[in-house]
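Colleague: Got a predicted structure plus its sequence, pasted below:
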Amino acid sequence: MVTHGCLPVSLHVLACNVSSGIPELSGSSSDVAMLKSVELNKEGVSHRNPLSAAASPLAACSSPLPALLGPHSVHTSTALSSGGGCSLGPLPQTTAHRSAMAATDVDVFSNEEKRSLSLGGHVGFDSLPDQLVSKSVTQGFCFNILCVGETGIGKSTLMNTLFNTMFENEEASHYQNGVYLRPRTYDLQESNVHLKLTIVDTVGFGDQINKEDSYKPIVDYIDTQFENYLQEELKIKRSLFNYHDTRIHICLYFIAPTGHSLKSLDLVTMKKLDSKVNIIPIIAKADTISKSELHKFKIKIMSELVSNGVQIYQFPTDDETVSEINASMNAHLPFAVVGSVEEVKVGNKTVRARQYPWGVVQVENESHCDFVKLREMLIRVNMEDLREQTHARHYELYRRCKLEEMGFKDTDPDSQPFSLQETYEAKRKEFLGDLQRKEEEMRQMFVNKVKETEAELKEKERELHDKFEQLKRMHQEEKRKVEEKRRDLEEEMNAFNRKKVATETLSLSQPLKKDKDKKN
Amino acid sequence: MIERPETAVPSIAQRNLEGYVGFANLPNQVYRKSVKRGFEFTLMVVGESGLGKSTLINSLFLTDLYSKDYPGPSQRIKKTVQVEQSKVLIKEGGVQLTLTIVDTPGFGDAVDNSNCWQPVINYIDSKCEDFLNAESRVNRRSMPDNRVHCCLYFIAPSGHGLKPLDIEFMKRLHDKVNVIPLIAKADTLTPEECQLFKKQIMKEIQEHKIKIYEFPDTEDDEDNKLIRKIKEKMPLAVVGSNVVIEVNGKKVRGRQYPWGVAEVENGEHCDFTVLRNMLIRTHMQNLKDVTNNVHYENYRSKKLAAVTCNGVDNSKAKGQLTKSPLAQMEEERRDHVMKMKKMEAEMEQVFEMKVKEKRQKLKDSEAELERRHEQMKRNLEAQYKELEEKRRVFEAEKVNWEAQQKILEQQKLDASKTMEKNKKKGKIF
């Protein structure tokens, strides 16, 4: 009987999952159950549903069971040694455990599932790396170098020396009022290998009086290249395989050969860049430092970098073929380099060198400077690793931060993994809701405005109406007065007329009497 | 040297190197890293039972993938179509290959085979979906590539042509996976029959516009010649065998018949070596690339287009596929903002116009009111004046009359006075 102790956890897990395909057996751990499972399993597997994303890997699990009827412990160990075939251990309760494994299921399964087989002859897939290589060569390679350093420190000369060619360069002036980056792309070919090389120069670095923001254009440039790649990767219709990759693979940081220590600008800049790009610090114009000073300088620089937590690029030591050379080179960092495109005759050879009155500094002489080491490490040994690190580490970090910023998560509060579709749909719903809300707001605002103005106008109308009424009343009043007056006048006139008539009739009768008198 | 044309990227200049730099070593670096990483490949075999699929796999990889201990799916009786995968790790020359063989037992075995391809399609889609989800996670760790890179479709050697099931299956899967049709158990066909059969099959494939896997042309003329030769032999007629037989002192894999031995690796007996060379030795990487760059991208764009354009009709969607869903949402947002601005402007305009109208009306009413008020005022004033005039006339008349009366009164008084006097005088007489 197998004891828990000798079973690794993964087999447990495997056992769990085998059992979940055999519903009759879950929870049972007796021998009888095991025997049953042996026979059942042959058909149990076939009764499984044809498709469920995590269930299918179990197909091959069916077979070893007949052999397990013997002493379990022995067979289990041999199963283990042959590469981890299926074997049944005790079958604890599994369903909860199983569902909790979520998307890592497949990994676990595939590790357990994989049987190692020996081949009976030459199949031929050992040409796979060659196929891959020939594909890469046909596609061409792409490499982007960023050179950060003060004006005049020798960046362009070093590039010329490294790549054995004259890249076009005007000397930069010291009077730039800001730092700006100048990328230039070149097509190079060596034997059958095409390389699209982009050299990005930082113009004006270190020239300003206030250098607080000097690092910003550099960080922005690096981020922009990541952003472009991310946008391309997120497109619905994308073509990543012929996308011109502009992400910076290596940043060569040029340190001025003071002999003392790093400048604060250097520390600040490198600290800002170390999580975004592979940095290799270089001591420029190393022919101004003597060997002993150089040794002290290097130690000082490295200790400053370490104490400030700056992470520079370490040459990888995980691949046995190059680990030795990489490890030894790691100890020589930062490289002290000298660049030159002029040729000087030394002995019977013509080499690239700098001619001084006191001697000739040969660029490719390892005891004069570390140029050869730099070239070896940068180009001949680790170029591919630099590209890989940029993609797998720095770009992923950028991408992760960017997506989290935009509100994407891998799991929702109930720790159910989101599928991409769900995430997008959720975002879209949110987005549409947002738009609708904005529209509503606008309408509402408008309605309010209309109401306001309406009220205002109504008010005015009412005032006018009141005024109208008032005037009307006034007029009526006046009219009445006039009528009154008129009536008064009429009355007076009538009275007068009556009086007049009365007097006239009276006077008519009176003169008769007078006449009568007169007659008498 | 091959000139690279100046593309959209500005100023890519060509430079000649004056000495050895060393990046010609890049391919070696790639080689080294790929060997360290190891390789993965998923091969799917589809065909009716008994066509020799398991045997062919064993022959291809010279190993006992399916054996007594791990019997292949053909040993079991299936009721419905299953999709089963087995993973093995094989090493050769320092190169590790994780090979996944996906088998489809039960395919085409039922009486009614409608939709028997559905589990296969589901499997392929689910692997693509897994990869899509893994690729779209925020935290991306290793992305294991379990997508099906190649599907070997076994055609029964009837000698006549494709069966309806064959055509239907290939039509449905040719844009999801690389389909390589094979004629199984080719040792039942004579070379002439085989030729005719192949021609017939290719004709039918072209008729139905089925896109089987095409070998890409290379820049090398030599390779191109070989490729053309292979293309002429499509579909490949294969024979598989688990048994090693001795022929003329050599041990070969073959099938022993009373009339002779059909050797698996003999190019004149069958196309097995062509298949193996093509599948494993020369085009394995290309199969993976085509899966990644073509089939997977198709799946992905369909999936994402469905998410972002849900409900929107296709004519609008065409132009939007060049962006990521998020960029598309951004653009929609901008469009919406613009639309709202326009709407707002329009509404403003209408509003202003109405307000102006109303105000104008009010103004007119006010003016009207003023006018009438003036008119009435004038009217009243006229009336007043008239009244005044009348009164004045009346007063004048009254004064006149009163004056007259006064004179009359006086006269009367005088008259009466004289009469008095006269009366007095009269008596005296």
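Modeller: Here it is on my side, so go on. All of these numbers come straight from a predicted model, not from anything done at the bench. Numbering: from 1, shown residues only, chains lettered A, B, ... in the order given.

Colleague: then the helix or strand hosting residue B:201 to CSV, C-alphas only?
Modeller: Using DSSP states H and E, residue B:201 sits in helix B:191-207. Taking C-alpha atoms only, helix B:191-207 is exported to CSV below (Å, rounded to 0.1, in the frame of the first residue of the first chain):
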residue,chain,number,x,y,z
PRO,B,191,1.7,2.8,-58.8
GLU,B,192,-0.6,3.5,-61.8
GLU,B,193,-3.8,3.3,-59.7
CYS,B,194,-2.1,5.5,-57.2
GLN,B,195,-1.3,8.2,-59.8
LEU,B,196,-4.8,8.2,-61.0
PHE,B,197,-6.2,8.3,-57.5
LYS,B,198,-3.9,11.2,-56.6
LYS,B,199,-4.9,13.2,-59.7
GLN,B,200,-8.5,12.6,-58.9
ILE,B,201,-8.2,13.7,-55.3
MET,B,202,-6.3,16.9,-56.2
LYS,B,203,-8.9,17.7,-58.8
GLU,B,204,-11.7,17.3,-56.3
ILE,B,205,-9.7,19.3,-53.8
GLN,B,206,-9.4,22.2,-56.2
GLU,B,207,-13.0,21.9,-57.3
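
Colleague: That helix packs against which elements?
Modeller: strand B:179-183, strand B:236-237 (3 or more CB pairs under 8 Å, 6 or more residues apart in numbering or on different chains; DSSP states H and E). For the C-beta atoms, the positions are set from N, CA and C on the backbone; glycine is no exception.

Colleague: Name the nearest residue to the most centrally placed residue in chain B, sequence neighbours excluded.
Modeller: Against the mean C-alpha coordinate of chain B, by CA atoms, centre = their mean, the closest residue is residue B:305 at 2.7 Å. Of all residues not flanking residue B:305 in the chain, residue A:236 sits nearest, at 5.6 Å (CB to CB, 6 or more residues apart in numbering or on different chains).

Colleague: close enough to count as contact, that neighbour and residue B:303?
Modeller: No: under the criterion of CB atoms under 8 Å, residue A:236 is not in contact with residue B:303, lying 9.0 Å apart.

Colleague: who has more neighbours, these two?
Modeller: The neighbour comparison of residue A:236 against residue B:303 (other CB atoms under 10 Å in any protein chain shown) goes to residue A:236, with 24 against 18.

Colleague: now that one: how far from residue A:407?
Modeller: 19 Å (CB to CB, to the nearest Å).

Colleague: residue ranges with poor pLDDT in the chain?
Modeller: Using chain A. A:1-114, A:169, A:409-424, A:510-520 (pLDDT under 70).

Colleague: oops, I was thinking of chain B
Modeller: For chain B (pLDDT under 70), the answer is B:1-12, B:66-80, B:219, B:307-329, B:426-429.

Colleague: So which residues of it form helices?
Modeller: For chain B, the helices defined by DSSP state H occupy B:26-37, B:53-60, B:118-136, B:164-173, B:191-207, B:221-233, B:272-276, B:284-290, B:296-308, B:314-317, B:325-428.

Colleague: Next: the stretch 151-300 of chain A.
Modeller: A:155-163, A:215-234, A:264-273, A:291-307 (DSSP state H, counting those that start in this stretch).

Colleague: closest to chain B out of the ones you listed?
Modeller: helix A:215-234 (3.2 Å; CB to the nearest CB).

Colleague: Which elements pack onto that closest one?
Modeller: Packed next to helix A:215-234, using 3+ CB pairs under 8 Å, 6+ apart, are strand A:141-148, strand A:180-190, strand A:193-203, helix A:264-273, helix A:396-405, helix B:325-428.

Colleague: Neighbours of residue B:234, how many?
Modeller: 22.

Colleague: residues in contact with it?
Modeller: B:181, B:198, B:202, B:212 (CB atoms under 8 Å, 6 or more residues apart in numbering or on different chains).

Colleague: Show the backbone phi and psi for it.
Modeller: Torsion angles at residue B:234 (phi, psi; degrees, to the nearest 10) stand at phi -70, psi 150.

Colleague: who's in contact with the nearest residue to residue B:147 once chain neighbours are set aside?
Modeller: In space, and not counting its chain neighbours, residue B:147 is closest to residue B:127: 4.8 Å by CB to CB, 6+ apart. Counting by CB under 8 Å, 6+ apart, residue B:127 touches B:42, B:146, B:147, B:148.

Colleague: Turn the residues you listed into a markdown table, columns for neighbour count.
Modeller: Formatted as a markdown table, the contacts of residue B:127 follow (neighbours: other CB atoms under 10 Å in any protein chain shown):
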| residue | neighbour count |
| --- | --- |
| B:42 | 24 |
| B:146 | 23 |
| B:147 | 22 |
| B:148 | 25 |
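
Colleague: hmm, back to that, quickly compare the helices of the stretch 151-300 of chain A and say which is most buried.
Modeller: Ranked by mean neighbour count, those are led by helix A:155-163 with a mean of 22 (mean count of other CB atoms under 10 Å in any protein chain shown).

Colleague: May I see the helices of the stretch 151-300 of chain A arranged in JSON lines, with distance to residue A:146 as well?
Modeller: Output for the helices of the stretch 151-300 of chain A, formatted as JSON lines (distance: least, CB to CB, whole Å):
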{"stretch": "helix A:155-163", "distance to residue A:146": "10"}
{"stretch": "helix A:215-234", "distance to residue A:146": "7"}
{"stretch": "helix A:264-273", "distance to residue A:146": "9"}
{"stretch": "helix A:291-307", "distance to residue A:146": "18"}
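
Colleague: For the closest residue to residue B:188 other than its chain neighbours, grab the count of nearby residues.
Modeller: With sequence-adjacent residues excluded and distances taken as CB to CB, 6+ apart, residue B:188 is closest to residue B:157, at 5.0 Å. Look at residue B:157: counted by other CB under 10 Å, it has 19 neighbours.

Colleague: Likewise for residue A:351?
Modeller: 15.

Colleague: again, but for residue B:393
Modeller: Neighbours of residue B:393 (other CB under 10 Å): 11.

Colleague: now do residue A:151
Modeller: Neighbours of residue A:151 using other CB under 10 Å come to 18.

Colleague: residue ranges for the strands of chain A, please.
Modeller: For chain A, strands defined by DSSP state E occupy the ranges A:115-117, A:141-148, A:180-190, A:193-203, A:250-255, A:279-283, A:335-336, A:343-346, A:349-356, A:359-362.

Colleague: Make CSV out of these and add distance to residue B:340.
Modeller: Formatted as CSV, the strands of chain A follow (distance: least, CB to CB, whole Å):
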stretch, distance to residue B:340
strand A:115-117, 63
strand A:141-148, 42
strand A:180-190, 38
strand A:193-203, 42
strand A:250-255, 45
strand A:279-283, 47
strand A:335-336, 59
strand A:343-346, 68
strand A:349-356, 65
strand A:359-362, 69
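
Colleague: Check the offset of stretch A:392-400 from the chain's centre.
Modeller: On the basis of CA atoms, centre = their mean, to the nearest Å, stretch A:392-400 is displaced by 8 Å from the centre of the chain it belongs to.
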